[in-house]
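Chemist: I'll drop the sequence and a predicted model, then ask my questions.
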Amino acid sequence: MTASTVPFARVEIVPEAQQAALRVLRSGWITMGPETAAFERELARYLGARHVVAVSSGTAAIEIALRALHLEPGAIVLTPSLTFCGAVTAIVQAGLHPALVDVDPGTLLPTSATVAAAARRIGRPDAMVVQHMAGHPADVAELAAAAGLPASRVVEDAAHGIGAELRGTPVGGASHAACFSFYATKNLPIGEGGAIATDDDELADQARTTRLHGMSHDAWRRYLPGASWRYDVADLGLKANITDVQAAIGRAQLACLPAWQLRREQLAAAYDAAFARVPGLARPQRPAHGRHAWHLYQVRVTPDCRVSRDQLIETLTTQGIGTSVHFIPVHQLSAFRRILRPEEGRSVPVTDRVADQLISLPMYPALTDSDIAHVTEAVAAITGCTVAA
Ligand SMILES: Cc1ncc(COP(=O)(O)O)c(C=O)c1O
């Protein structure tokens, strides 16, 4: 295998973020404190949300948001199977039981019809996780109605969603609780980190407590001049706080996000144009009423293509082009097979079909026009075509 000439991901931590991290490292306070509070305010403004609670990961954000619903142990939570394993682990760790929803082959999102079918199969779901796959904004209100759930029982998995909009509103700014990830390859990369955005004061308070063992006061507040060292733990929590080093990086990276999103849009348009004439390669569907965040650019290698998905991945790898697959459906993973009811795997046939066709191509703001040309020409040559000029 040769080294990637166009790697699947290339993480950019801008010089301002590097300097901000150094400033915090020299400040005498490194863990969650004033930088975190500033990051939360700035992200809330960007999203149009009343509150943002920053945490250690997107996975922790989903678990904390689900815990805040106060459901009975074993309550049933709808989730796509075509999602990241951690998102479904979060359901289980919150003491709840996942039930699977199939997706549309074009958008890779659940639809009203697939949600309604899942709700009929399992009886009455208690909650639902809606995932904005690849950055395609899902219509949360429509899917909640199809599940027979109020919006207050929906948690958005917006790990791919920052930068996306639905009907002019940023994803996560208009829902009960939306969970973001700042993992290294995400649109707002910090390295690790996550956040919950909500308009609900009570949920925000609870998330702040749950992220730090359930303690009524975090260390920063306990150590402020005149503050008390006393605290209570009313309910057990997680150790899932963010640190000020991460928050300082996040603040500087956030300033770059609008420009990065524009570049992602250009790259998606370039891929779309180049692949328009590649038979058998299904391009990602564009949102009907919104703005795609282009966290991922996923194509489907259909049976009409000259090569299989796996052949395309292998040949691109030998040519130094990195790719990935999002995702292996969770019902195909051993641990989830043990957790899920036996009929769950059989209830998502479209997921099974498209999961074997998916390939994610390089998609990040640092990609150059010549990188894109290299990738599109390689894909076209392997599939036996010439790309549009
Ligand atoms: C769809 C989705 N949900 C949740 C997560 C979890 O985020 P984190 O890695 O920050 O825990 C990811 C991360 O890759 C993801 O892709």
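Modeler: Alright, I've got the coordinates.
Chemist: Tell me where the stretch 201-350 of the chain has helices.
Modeler: Along the stretch 201-350 of the chain, counting by DSSP state H, counting those that start in this stretch, helices occupy 201-210, 219-223, 244-275, 309-318, 334-339, 342-346, 349-355.
Chemist: what about the strands in the stretch 101-250 of the chain?
Modeler: 127-131, 154-157, 165-166, 169-170, 177-181, 194-198 (DSSP state E, counting those that start in this stretch).
Chemist: Listing partners with orientation, what would you give for the first one?
Modeler: Meaning strand 127-131. Sheet pairing of strand 127-131 (DSSP bridges) gives strand 76-80 (parallel), strand 154-157 (parallel).
Chemist: could those be laid out in TSV, adding mean pLDDT and mean neighbour count?
Modeler: Yep, even glycine has a C-beta here, placed from its N, CA and C like the rest. Converted to TSV, the strands paired with strand 127-131 look like this (pLDDT from 0 to 100; neighbours: other CB atoms under 10 Å):
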stretch	mean pLDDT	mean neighbour count
strand 76-80	98	26
strand 154-157	97	28
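Chemist: Which one of those lies nearest to Arg277?
Modeler: strand 76-80 (31.0 Å; CB to CB).
Chemist: So is the closest one next to the ligand?
Modeler: No - figure legend: strand 76-80 not in contact with the ligand (CB under 6 Å from any ligand atom); closest approach 9.1 Å.
Chemist: Tell me the helix or strand right after that strand.
Modeler: Per DSSP states H and E, the first helix or strand lying C-terminal to strand 76-80 is helix 85-93.
Chemist: Run through the neighbouring helices and strands of that next one.
Modeler: helix 58-67, strand 76-80, strand 97-101, strand 127-131, helix 334-339 (3 or more CB pairs under 8 Å, 6 or more residues apart in numbering; DSSP states H and E).
Chemist: So which bits of the stretch 101-250 of the chain are right by the ligand?
Modeler: Gln131, Asp157, Ala159, His160, Ser181, Tyr183, Gly194.
Chemist: my guess is the last one contacts Thr59, does it?
Modeler: Yes - with contacts defined as CB atoms under 8 Å, Gly194 counts as touching Thr59 at a distance of 7.1 Å.
Chemist: Of these two, give the one with the bigger neighbour count.
Modeler: Neighbour comparison, Gly194 and Thr59: the larger count goes to Gly194, with 29 against 24 (by other CB atoms under 10 Å).
Chemist: check contacts around the more buried one.
Modeler: 54-61, 159, 179-182, 242 (CB atoms under 8 Å, 6 or more residues apart in numbering).
Chemist: Tally up the residues packed near Asp102, please.
Modeler: 24.
Chemist: Also the one 4 residues further on?
Modeler: The tally of other residues near Gly106 (other CB under 10 Å) stands at 15.
Chemist: That one - nearest residue in space that isn't next to it in sequence?
Modeler: Gln285 (4.0 Å; CB to CB, 6 or more residues apart in numbering).
Chemist: Just give the number of residues close to that neighbour.
Modeler: Residues near Gln285, counting by other CB under 10 Å: 14.
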